[in-house]
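Colleague: No sequence on hand, only this structure:
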């Protein structure tokens with residue numbers, strides 16, 4: 001009977017937790033409290049690109065969002081025209097992957113844009129759980145990522161050649177050198193503003209949220225670890241189950257918000273890595289390119305491969321922390337039962353252990369586990385070699 005009462009109480013607590021989380025979502029969307037769990041510069045940038053609902057309350061922000069959408073459309077259309085204007089068949093496979101990376105980048109942004117209300121309420125909910133971000137370090141990383149379009153634009157403009165200029169002008173020859181420089185620099189900036197900058201920002205936000213989620217589970221694990229066995233009674237275990245239920249609600253919201261965008265970000269980075277790798281594998285085409293192009297492509301590979309590995313590695317930390325929590329909970333509950341004068345009914349624990357570890361996914365296609373990192377690298381190399389050869 002006591003067990004039934006505990007179960008009823010736990011069900012009521014779960015309903016209460018769910019209602020509280022949902023109500024906090026609704027109330028936070030109407031509030032103006034500051035966000036401390038992500039870098040300030042990142043939060044402002046999310047407003048400017050239309051991923052935060054509050055940004056629409058300001059006329060200037062609406063203009064900036066509209067201009068940003070125009071840039072996205074321009075980059076997609078312009079890359080498609082450039083792709084159609086190319087006649088050099090040796091690079092068409094690589095160019096196809098290159099152009100598709102922009103499409104996947106815009107798709108990732110659109111997936112988050114459609115859930116901008118849920119994103120903001122999720123950030124407020126994480127903030128209510130007393131999670132904080134190192135603002136100085138975070139802002140520095142964001143500024144470095146946002147400076148990438150300028151860096152690439154300057155690098156490409158300084159190394160502009162006749163063939164490079166024709167690439168950005170659909171194969172036409174611009175006689176005026178200043179027109180060449182303006183055309184190349186502006187387009188290079190806008191292209192890199194979409195990829196890799198946009199995908200890097202989305203990946204950074206996702207990594208920050210994943211780290212906060214892992215922190216929540218780790219804090220609960222540490223609470224169990226530090227709790228004495230003598231007082232690890234049924235009421236304490238029920239309290240832990242309540243906290244775990246609230247964390248699971250947050251995890252579900254993170255998965256709902258980032259599952260599709262994170263998948264497109266990973267695919268965009270994968271196709272760029274495949275595109276650049278195919279060029280290096282095809283040794284016959286090396287003589288057709290200048291050294292500075294290989295420097296530029298190397299920077300692309302470093303950015304895409306690094307972002308891919310970091311995203312998968314951080315997102316895969318959650319199931320590891322979940323497993324540690326379950327093991328510690330089981331160990332404490334077992335020790336309490338074995339050394340108690342009157343053993344308690346071991347019925348509550350199965351609610352925790354019967355449920356599999358929570359794993360973030362990419363559109364329910366790619367599970368973010370540590371083993372996924374090696375699988376992705378192997379797939380990238382294998383299929384790139386097959387396509388090239």
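Modeller: Yep, it's here. Computed from a predicted model, the values in this text were never measured in an experiment. Numbers count the residues shown, from 1 in each chain.

Colleague: residue ranges for the helices of the stretch 251-389 of the chain, please.
Modeller: Shown for the stretch 251-389 of the chain, the helices assigned by DSSP state H, counting those that start in this stretch span residues 291-315, 317-339, 349-353, 370-388.

Colleague: State the distance from residue 178 to residue 205.
Modeller: Between residue 178 and residue 205 the distance is 39 Å, computed by C-beta to C-beta, to the nearest Å. (C-beta placed from N, C-alpha, C; glycine too.)

Colleague: I meant residue 339, not that one.
Modeller: Using C-beta to C-beta, one gets 46 Å for the distance from residue 339 to residue 205.

Colleague: Comparing the two, which residue is more hemmed in?
Modeller: When neighbours are counted by other C-beta atoms under 10 Å, residue 205 comes out ahead of the other of residue 339 and residue 205, with 25 against 10.

Colleague: So that one is in contact with residue 43, correct?
Modeller: No: using C-beta atoms under 8 Å, residue 205 is not in contact with residue 43; the gap is 9.5 Å.

Colleague: Common neighbours of these two, please.
Modeller: Here residue 205 and residue 43 have no joint contacts, going by C-beta atoms under 8 Å, 6 or more residues apart in numbering.

Colleague: for this protein, which spans come out with low pLDDT?
Modeller: 1-35, 54-57, 87-91, 161-164, 282-293, 341-349, 351, 389 (pLDDT under 70).

Colleague: Run through the strands of it in chain order.
Modeller: 361-362, 366-367 (DSSP state E).

Colleague: and the first one, which strands flank it?
Modeller: Partner strands and pairing direction for strand 361-362 (DSSP bridges) are strand 366-367 (antiparallel).

Colleague: I'd like the distance from the strand it pairs with to the chain centre, please.
Modeller: The gap between the average C-alpha position of strand 366-367 and the chain average comes to 13 Å, counting by C-alpha atoms, centre = their mean, to the nearest Å.

Colleague: Burial-wise, tell me which of the strands of the chain comes out on top.
Modeller: Counting by mean count of other C-beta atoms under 10 Å, strand 361-362 has the highest mean neighbour count of the strands of the chain, with a mean of 20.

Colleague: Residue 92: neighbouring residues, count only.
Modeller: Counted by other C-beta under 10 Å, the residues lying close to residue 92 total 12.

Colleague: contacting residues for it?
Modeller: With contact taken as C-beta under 8 Å, 6+ apart, residue 92 is in contact with residue 86.

Colleague: same thing with the one 3 residues further on?
Modeller: Contact partners of residue 95, counting by C-beta under 8 Å, 6+ apart, are 83, 86, 275.

Colleague: quick one: contacts for the last one?
Modeller: Read that as residue 275. Listed by C-beta under 8 Å, 6+ apart, the contact set of residue 275 reads 93, 94, 95, 97, 98, 101.

Colleague: my read: the second one touches residue 278, true?
Modeller: Yes: judged on C-beta under 8 Å, residue 94 makes contact with residue 278 at a distance of 5.2 Å.

Colleague: Could I get the helices of the stretch 251-389 of the chain in CSV, plus columns for distance to residue 154?
Modeller: Below are these laid out as CSV (distance: least, C-beta to C-beta, whole Å):
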stretch, distance to residue 154
helix 291-315, 12
helix 317-339, 36
helix 349-353, 54
helix 370-388, 30
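
Colleague: do you know which of the ones you listed lies nearest residue 129?
Modeller: Counting by C-beta to C-beta, residue 129 lies closest to helix 317-339 out of the helices of the stretch 251-389 of the chain; the figure is 15.2 Å.

Colleague: Can you point out the buried residues in the closest one?
Modeller: For helix 317-339, the buried set under the neighbour-count rule, 16 or more other C-beta atoms under 10 Å, comprises 317-319, 321-322, 324-326, 328-329, 332-333, 336.

Colleague: again with stretch 308-315
Modeller: In terms of neighbour count (16+ other C-beta under 10 Å), stretch 308-315 has its buried residues at 308, 311, 312, 314, 315.

Colleague: Outside of it itself, list whatever touches it.
Modeller: Contacts of stretch 308-315 with the rest of the structure, by C-beta under 8 Å, 6+ apart, involve 203, 206-207, 210-211, 214, 262, 265-266, 269-270, 273, 360, 368, 370, 372-373, 376.

Colleague: re the thing from before, format the buried residues of helix 317-339 as a markdown table; extra columns: distance to residue 192.
Modeller: Formatted as a markdown table, the buried residues of helix 317-339 follow (distance: C-beta to C-beta, whole Å):
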| residue | distance to residue 192 |
| --- | --- |
| 317 | 30 |
| 318 | 31 |
| 319 | 34 |
| 321 | 35 |
| 322 | 38 |
| 324 | 40 |
| 325 | 41 |
| 326 | 44 |
| 328 | 46 |
| 329 | 47 |
| 332 | 52 |
| 333 | 54 |
| 336 | 58 |
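
Colleague: what's the farthest-apart pair in those residues?
Modeller: Using C-beta to C-beta, those span at most 28.8 Å, a distance reached by 317 and 336.

Colleague: Now do the contacts for the residue nearest to residue 365 when sequence neighbours are not counted.
Modeller: Spatial nearest neighbour of residue 365, excluding adjacent residues (C-beta to C-beta, 6 or more residues apart in numbering): residue 263 at 6.5 Å. Under the criterion of C-beta under 8 Å, 6+ apart, the contact partners of residue 263 comprise 362, 363, 365, 366.

Colleague: May I see those residues organised as TSV, with distance to residue 70 added?
Modeller: Compiled in TSV, the contacts of residue 263 are given as follows (distance: C-beta to C-beta, whole Å):
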residue	distance to residue 70
362	29
363	28
365	31
366	32
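
Colleague: Pick out whichever of the residues you listed sits closest to residue 63.
Modeller: Taking C-beta to C-beta as the measure, residue 63 sits nearest to residue 363 out of these, at 32.5 Å.

Colleague: Pull the number of nearby residues for the closest one.
Modeller: Using other C-beta under 10 Å, the number of residues around residue 363 comes to 14.

Colleague: Would you check that it makes contact with residue 256?
Modeller: No: when contacts are counted by C-beta under 8 Å, residue 363 is not listed as touching residue 256 (11.6 Å).
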